[in-house]
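# predicted model follows, preceded by the sequence.
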Amino acid sequence: MIKLFKMLSEGLLFVQIPYVKIKWIWALKQGYMKIKARTRDALAFNLAYFKYSLIASLNISILLK
């Protein structure tokens, strides 16, 4: 979150220079895509982790019976 804010504040400095505005928008888009990809990966990882931990706990409970 702090990183994103830092990126935005750095970007806002660029906006004041007109010809860099395009670069700023592009950088923002790249950052957004990166964040989107990262959250998707985290989601997939969490789901997989949850699934495997569930399977593991079921196996353990079966073994204990």
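Looks like it arrived, so ask away. Numbers count the residues shown, from 1 in each chain.
# now whichever helix or strand residue 46 is part of: mean pLDDT?
Taking DSSP states H and E as the definition, one finds residue 46 inside helix 21-64. Per-region confidence: helix 21-64 scores 70 on mean pLDDT.
# from here on, count from 31
In the new numbering, first residue 31, that becomes helix 51-94.
# if I look at residue 88, how far off is residue 77?
Residue 88 sits 17 Å away from residue 77, going by CB to CB, to the nearest Å. Where you see a C-beta, it was placed from the backbone N, CA and C, and this is true even at glycine.
# residues in contact with residue 81?
Counting by CB atoms under 8 Å, 6 or more residues apart in numbering, residue 81 makes contact with nothing.
# for residue 77, see how far away residue 70 is.
Remark: distance between residue 70 and residue 77 (CB to CB) = 11 Å.
# for residue 60, that is, sorry about that
26 Å.
# how many residues are close by residue 70?
By the criterion of other CB atoms under 10 Å, residue 70 has 10 neighbours.
# report the contact partners of residue 82.
So residue 82 contacts nothing (CB under 8 Å, 6+ apart).
# neighbours of residue 86, how many?
Residue 86, neighbours per other CB under 10 Å, totals 10.
# how close does it sit to residue 80?
The value you get for residue 86 to residue 80, if CB to CB is used, is 11 Å.
# list the buried residues for stretch 78-88?
Buried residues in stretch 78-88, counted by 16 or more other CB atoms under 10 Å: none are found.
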